[in-house]
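>>> Next input, structure requested:
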Amino acid sequence: MLKKILLLAFFGSLTFINAQEKDLLNVPNPIDFNGTEFYLIRAEQRSKTLFQQQYLPKDEELEKFNQIFEYTFLNKEIDIENAVRQKVEMVQEKQKEDKYAKVNVSESPDGSEYIVDYYISESPANGDSFVEYDIFRFKKFDNGTQKSFLMVNYGKRIYGDPKSAVKILAKQRDPLMTAMIEYKIPEIKVQTATTGSK
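As a prediction, this is how the structure comes out:
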């Protein structure tokens with residue numbers, strides 16, 4: 001189950017079925033990240049415990065975005081180290097055919113959070129080539145009665161020549177990493193359209 005979730009999140013452009021634009025996680029809209037406002041475009045409860053939401057800057061489209069912000073929340077206990085390992089392994093597998101793929105891992109001092117950031121490139125048959133830089137922040141929660149797990153993801157794409165794109169993104173890595181580390185995660189309160197707050 002976890003592997004399937006991470007595979008869905010890995011490529012950034014998730015496909016949602018019967019998606020709702022109503023916030024399900026009590027996340028402020030728009031999100032302000034690194035000086036850019038991101039607006040909720042899709043939200044879905046994919047299973048009893050899995051909730052996902054996507055945000056884009058104004059006037060951007062999911063089919064060819066430049067920046068994206070995502071929340072993936074599981075209202076259940078997840079082994080955070082295993083989740084991080086699977087994300088890293090996905091990038092390492094892509095490195096076999098993508099010379100621009102690169103992955104890094106950072107851990108918070110108390111071990112409650114990890115950050116995995118990586119570069120990947122894509123050359124679709126139809127469309128422009130691009131390099132994507134992603135930062136995934138993994139966080140576990142335990143309020144004494146309920147354990148849960150959150151992935152917050154920021155992604156940025158630069159279209160065109162991959163070599164030039166990687167150089168540009170590499171120069172932006174440090175400020176983007178700082179922005180993700182300092183990003184204040186709101187208190188998650190799960191809500192569904194049919195049952196209300198939980």
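
>>> Now the residue most central in space within the chain. Its backbone dihedrals?
Nearest residue to the geometric centre of the chain (Cα atoms, centre = their mean): residue 153, 2.2 Å. Here is the backbone geometry of residue 153 (degrees, to the nearest 10): phi -130, psi 130.

>>> what's the pLDDT at the closest residue to it other than its chain neighbours?
Leaving aside its chain neighbours, residue 153 sits nearest to residue 70 (4.3 Å; criterion: Cβ to Cβ, 6 or more residues apart in numbering). Where C-beta positions appear, they are placed from N, C-alpha and C, glycine not excepted. We have a pLDDT of 98 for residue 70.

>>> Where does residue 70 sit, in terms of helix or strand?
Using DSSP states H and E, the element containing residue 70 is strand 67-74.

>>> just checking, what packs against that strand?
Applying 3 or more Cβ pairs under 8 Å, 6 or more residues apart in numbering; DSSP states H and E, we find strand 67-74 packed against helix 2-10, strand 36-45, strand 50-57, strand 147-159.

>>> Pull out the buried positions in the second one.
The one in question is strand 36-45. Within strand 36-45, the residues that qualify as buried are 36, 38, 39, 40, 41, 42, 43, 44, 45, counting by 16 or more other Cβ atoms under 10 Å.

>>> Quick one: the strands in the protein, in order.
31-33, 36-45, 50-57, 67-74, 102-107, 113-122, 130-142, 147-159, 191-192, 196-197 (DSSP state E).

>>> Any chance of a markdown table for those, columns distance to residue 83?
A markdown table is the format used below for these (distance: least, Cβ to Cβ, whole Å):
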| stretch | distance to residue 83 |
| --- | --- |
| strand 31-33 | 22 |
| strand 36-45 | 20 |
| strand 50-57 | 13 |
| strand 67-74 | 9 |
| strand 102-107 | 12 |
| strand 113-122 | 8 |
| strand 130-142 | 6 |
| strand 147-159 | 7 |
| strand 191-192 | 24 |
| strand 196-197 | 26 |
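
>>> Alright, calling it a day.
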